[in-house]
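take a look and give me a structure for this.
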Amino acid sequence: MAALRPLVLVALLVAAVVLQVSLLAGFSSLSYGGVVPDLALLVVVAAALVRGPELAAGIGFVAGLLVDLAPPADHVAGRWALALVVVGYLAGRVRDDARTSALGALVTVAACSFVGTSVFALSGMLLHDPALPAAQALRVIPVAVLYDVALTPFVLPLLLRLFRWLRPREVAY
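Alright, predicted model coming up:
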C-alpha cells in the first residue's frame, strides 16, 4: 500500500487538472470572464484538512505546476504553483477548526479560493503578465470563489474520504 499512495495521488492530481482544463473549461463560455471551478484547489484543500500544511503545500506545488503547464496556459508558469502552495499551507494551518463541521470546511474553501485567486492575480500584476489585467481580476475573484464554494459539497467529501484512505496507518508503541 505504501508504494500505491504516491501513484494514486499523482493520478488524482492529473485527473483533477484534466477535468478542470477540459470538461469544466467547456462551460467557461457560459460563465463570467471564462472562470471555471478550480478542482486542483479543492484537492489541495482536502489534502490540507486531512494531512496538514507540509504535505498540502507540496501537493499544492505539484498541482499548481500541472495547471500552469496544462494547455491552454496563457500566463507565466509558476503563478498557480505559488498560489496553491500558499493555499495548501493556510488550509493546513486551520485544519483543526475547519474539519469539525461542514460550515468550517466551506468557509475554508471560500477563504482559500479567495487567497489563491488573489495570489495568482497579484503575481501577474507584479510580473506584468498581460493575461489578467487588474480591473478584470477584481471582477473575476468573487466569481471564482462562488464557483469553488458551489462545487465544494459535491467534491470535497469524496476527496476527504480518499485522503483519509491514503493516510498511512498509525502504529502505537
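
what's the longest helix seen in the chain packed up against?
Using DSSP state H, we find that the single longest helix of the chain is helix 134-166. Counting contacts by 3 or more C-beta pairs under 8 Å, 6 or more residues apart in numbering; DSSP states H and E, helix 134-166 packs against helix 4-18, helix 39-51, helix 102-126. In this view, the C-beta of every residue, glycine as well, is placed from N, C-alpha and C.

quick check, central residue of this structure?
Compute the mean C-alpha point of the chain, and by C-alpha atoms, centre = their mean the closest residue is Leu41, 0.8 Å away.

how about that residue: what's its closest non-neighbour residue?
When the adjacent residues along the chain are set aside, Leu41 lies closest to Gly116, with 5.5 Å between them (C-beta to C-beta, 6 or more residues apart in numbering).

per-residue confidence for the one you found?
We have a pLDDT of 95 for Gly116.

and stretch 122-138, what's buried?
Taking 16 or more other C-beta atoms under 10 Å as the basis for neighbour counts, the residues of stretch 122-138 that come out buried are Ser123, Gly124, Asp129, Leu132, Ala137.

picking up where we left off before, which one of the helices and strands packed on helix 134-166 lies closest to Leu84?
Of all those, the one in closest proximity to Leu84, counting by C-beta to C-beta, is helix 39-51 (5.2 Å).

helices and strands around that closest one, which ones?
When contacts are defined as 3+ C-beta pairs under 8 Å, 6+ apart, helix 39-51 packs onto helix 4-18, helix 53-69, helix 79-93, helix 95-98, helix 102-126, helix 134-166.

for Ser113, which non-adjacent residue is spatially closest?
The spatially closest residue to Ser113, leaving aside those adjacent along the chain, is Asp148, at 4.0 Å (C-beta to C-beta, 6+ apart).

dump the residue contacts of that neighbour.
Asp148 makes contact with Pro37, Asp38, Leu41, Leu42, Val109, Ala110, Ser113, according to C-beta atoms under 8 Å, 6 or more residues apart in numbering.

can you rerun that using 7 Å?
By C-beta atoms under 7 Å, 6 or more residues apart in numbering, Asp148 lies in contact with Pro37, Asp38, Leu41, Leu42, Val109, Ser113.
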